[in-house]
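S.K.: after the sequence you'll find the predicted model.
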Amino acid sequence: MLRFAGGPGAAVDRGPKETGDAPLVLIHGFGGDALSWQFNIQALVKGAPGSIGRRVLAVDLPGHGASTLDVPSGLGGVADWVVRLMDAAGVDKADIIGHSMGGRVSLLLAERHPDRLRRMSLIACAGLGSRVDAAFLHALCTLETLDQARALIDRLFAGAPPNRDVLARAFLSRLADPVARGPLTRLLDRLVADIDAAPRHFDWTQPLPPLQLIWGEADDIVPPPEAGAIPSHIILHRLPGVGHMPQAQAATRVNALLTEFHA
């Protein structure tokens, strides 16, 4: 547990700390936590063949996991919170990997703290112009039954995954907890307001670090960008048959893309 102003902040911290490479900081989506990256952390620590390994921090954002239940007043405040967690962990500059809402937080981090980023990968990123299914996010905050949890899992994976019931029970245990639900509801209001206020077409002329996008083509929670919405100089990997959780559903492919890009 990391202690700092606005904390505490929890993070899964793996890999060597003195390699000279920028650590990888993983930022999960709404309703998730560091375990959203359970199929990725070890592969990213190991890195490319012949490498000495990489430090990886998978954070629990405010209102999620074991981190503080005090949620900042907006997503920009969440980005600032991530920087304070990086300071507490001794991370000066990082490669950022963000999923869904965590992608939006990553973009704000790049805008507000450009000197703290080296490279960035965004997976199913909210806030790039495509719509976000707010009804799905509200359903996460009102979850009450196992059948509801199964339906949410099926939406996330664009079909029932092999471990559907295990995931559904974990969802129900975590998201039906009234203590956890309050911060999520407050954060959801801020997320929806942030996305509603964002321009319909993302401003690609603003300074950004080297960037790649990864999207499941079957994602209907944050659908892939329309043709022509992403400039040709931005790397966009579209994964056929994959839903909103590429890092879990297509972990081998996503791990390869992340390892290569962040080498």
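M.R.: That came in fine, so what should we check first? Numbers count the residues shown, from 1 in each chain.
S.K.: could you use CA atoms for every contact and neighbour count after this?
M.R.: Fine.
S.K.: counting by contacts, list what the helix-or-strand element of the chain with minimal mean pLDDT packs against.
M.R.: Every helix and strand of the chain was ranked by mean pLDDT, DSSP states H and E. The lowest is helix 178-197, at a mean of 83. Judged by 3 or more Cα pairs under 8 Å, 6 or more residues apart in numbering; DSSP states H and E, helix 178-197 is in contact with helix 75-88, helix 134-141.
S.K.: which residues of the stretch 101-250 of the chain score low on pLDDT?
M.R.: The stretch 101-250 of the chain contains residues with pLDDT under 70 at 129, 197-201.
S.K.: could you pull out the helices in it for me?
M.R.: 101-112, 134-141, 146-156, 164-175, 178-197, 246-249 (DSSP state H, counting those that start in this stretch).
S.K.: for the residue nearest to E144 when sequence neighbours are not counted, give me its contacts.
M.R.: Once flanking residues are discounted, E144 sits nearest to A176: 5.8 Å by Cα to Cα, 6 or more residues apart in numbering. Neighbouring residues of A176 by Cα atoms under 8 Å, 6 or more residues apart in numbering: 141-144.
S.K.: by neighbours, which of these wins?
M.R.: Most neighbours among the contacts of A176, by other Cα atoms under 10 Å: C141, with 22 neighbours.
S.K.: in terms of secondary structure, what does the host helix or strand of Q42 contact?
M.R.: Counting by DSSP states H and E, the element that carries Q42 is helix 41-46. With contacts taken as 3+ Cα pairs under 8 Å, 6+ apart, helix 41-46 sits against strand 11-14, strand 56-59, helix 251-261.
S.K.: nearest to I234, out of the ones you listed?
M.R.: The closest of the helices and strands packed on helix 41-46 to I234 is helix 251-261. By Cα to Cα, the value is 12.5 Å.
S.K.: give me the buried positions along that closest one.
M.R.: Neighbour-count burial for helix 251-261, with 16 or more other Cα atoms under 10 Å as criterion, is recorded at 251, 254-259.
S.K.: ok, so of those, who is nearest A124?
M.R.: Relative to A124, and with distances defined as Cα to Cα, the nearest of the buried residues of helix 251-261 is V254, at 11.9 Å.
S.K.: my read: R119 touches H262, true?
M.R.: Yes: using Cα atoms under 8 Å, R119 is in contact with H262, at 7.0 Å.
S.K.: any common contacting residues for the two?
M.R.: D95.
S.K.: those two - which one has more neighbours?
M.R.: More neighbours surround H262 than the other of R119 and H262, with 24 against 21 (other Cα under 10 Å).
S.K.: pLDDT value on the more buried one, please?
M.R.: Note on H262: pLDDT of 95.
S.K.: give the residue farthest from the middle of the chain.
M.R.: Going by Cα atoms, centre = their mean, the residue of the chain most distant from its centre is G50, 27.8 Å out.
S.K.: how about N163, what does it touch?
M.R.: Shown in contact with N163 (Cα under 8 Å, 6+ apart): no residues.
S.K.: can you offset everything so residue one is 27?
M.R.: Fine by me, first position is 27 from now on; the one you just mentioned is N189.
S.K.: gap between it and L133?
M.R.: Computed as Cα to Cα, to the nearest Å, the N189 to L133 distance reads 32 Å.
S.K.: now do F183
M.R.: Distance of F183 to L133, given as Cα to Cα: 24 Å.
S.K.: could you pull up the residues touching the nearest residue to P266 once chain neighbours are set aside?
M.R.: Sequence neighbours aside, E243 is the residue nearest to P266 in space, at 5.1 Å (criterion: Cα to Cα, 6+ apart). E243 makes contact with 249-250, 264-269 under the criterion Cα under 8 Å, 6+ apart.
S.K.: again, only using 10 Å
M.R.: Counting by Cα atoms under 10 Å, 6 or more residues apart in numbering, E243 touches 150, 184, 249-251, 263-270, 272.
S.K.: of those residues - the most surrounded one?
M.R.: Counting neighbours by other Cα under 10 Å, the top entry in the contacts of E243 is A150, with 32 neighbours.
S.K.: surely that residue meets I123?
M.R.: No: A150 lies out of contact with I123 (Cα atoms under 10 Å); the separation is 11.0 Å.
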